[in-house]
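K.L.:
Quick one: sequence plus predicted model below, questions after.
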Amino acid sequence: MGPAIPVYLEVGQKRTFAGALDWPGWSRAGRTDEDALAALVRYGPRYAAVIGGAEPSFRAPAASSVFQLVERLAGGSGTDFGVPARTPEHDRLALEEPVLARLVAILTASWSAFDRLAASARGVELRKGPRGGGRDLARIVAHVREAEEAYLVQLGARPPKATGDDGAVEDDGAVETGRLREAILETLSARAQGEPIPRPSSVRAPWTPRYLVRRAAWHVLDHAWEIEDRSSERLDGSPGTRDS
């Protein structure tokens, strides 16, 4: 058995989330504590495949017995809806430069995994059903971008203005994903170092940098794995076909 992995539980009325404190993005839900921890084990290899390049020391556990419960949080309506919405005490700790660099590497790897899977599923009709509801690929990609805009506001900054091909600001344009993510990383660095935030938002209770990484990595990986699950049978050529 490997070293203990500290985890926390966020317990709602209908759903519990289990999250690995040192591994943002590795968070899964179940109807009970045991179900959530079992789901965390099942997704360990998928998480390892995402962050292996950034954190080769990660080893997916074979059983939930390796988990060490550190904190238990009372969940709310967000928890029951399907979102890990509470901030563990671990995420209120100060964020020194080496830790920030590690978290940024994990978040960046999570973004890259989503982008790669979304690109591989272009032209593929995603299966309908409970794993993804009715969203098609374009709507999933748009939803992730919109969520990241909201996360940036919660971190304490306003999203950058959208621009057209000629560089002019577009009043109704969607923020380009690369620029949005650059703004997230810029704001994370400013918050961690206690520097002024570019384009500050008016949010009254901003998220901590650690929680921002945890929430953003979970969300983008949840949808990356949704795309993978809903397209896997079609990506190999059956039963659906890929558009040219």
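P.N.:
In hand now; what should we look at?
K.L.:
Could you double-check that Arg122 sits in contact with Leu137?
P.N.:
Yes: between Arg122 and Leu137 a contact is recorded at 6.8 Å, counting by C-beta atoms under 8 Å. For glycine as for every other residue, the C-beta is placed from the backbone atoms N, C-alpha and C.
K.L.:
Look at the two and report which has more neighbours.
P.N.:
Leu137 (20 against 12; other C-beta atoms under 10 Å).
K.L.:
what's the more buried one sitting at in phi/psi?
P.N.:
Note on Leu137: its backbone torsions stand at phi -60, psi -40 [degrees, to the nearest 10].
K.L.:
That one touches Leu126, doesn't it?
P.N.:
Yes: counting by C-beta under 8 Å, a contact exists between Leu137 and Leu126, whose distance comes to 6.1 Å.
K.L.:
Residues that sit against both of the two, list them.
P.N.:
Between them, Leu137 and Leu126 have Ile227 as joint contacts when contacts are counted by C-beta atoms under 8 Å, 6 or more residues apart in numbering.
K.L.:
Please point out which parts of stretch 11-26 sit buried.
P.N.:
Within stretch 11-26, the residues that qualify as buried by neighbour count (16 or more other C-beta atoms under 10 Å) are 11-12, 15-21, 23-26.
K.L.:
What is the most widely separated pair among those?
P.N.:
Maximum pairwise distance in the buried residues of stretch 11-26, criterion C-beta to C-beta, is 21.8 Å, between Gly12 and Trp23.
K.L.:
ok, how many other residues are close to Leu180?
P.N.:
19.
K.L.:
ok, it to Leu188 distance?
P.N.:
The span separating Leu180 from Leu188 equals 13 Å under the rule C-beta to C-beta, to the nearest Å.
K.L.:
How is this structure partitioned into domains?
P.N.:
Following automatic domain parsing, the chain resolves into domains at 5-86, 93-235.
K.L.:
mean confidence score for the longest one?
P.N.:
In this case it means domain 93-235. The predicted model gives domain 93-235 an average pLDDT of 87.
K.L.:
Same question for stretch 32-39.
P.N.:
Confidence over stretch 32-39, taken as the mean pLDDT, stands at 98.
K.L.:
buried set for it?
P.N.:
For stretch 32-39, burial by neighbour count (16+ other C-beta under 10 Å) applies to Asp33, Ala36, Leu37, Ala38, Ala39.
K.L.:
Show me the contact partners of that stretch.
P.N.:
Applying C-beta under 8 Å, 6+ apart, the set of residues contacting stretch 32-39 from outside is Val7, Leu9, Val11, Thr16, Phe17, Ala18, Arg28, Ala29, Gly30, Ser64, Phe67.
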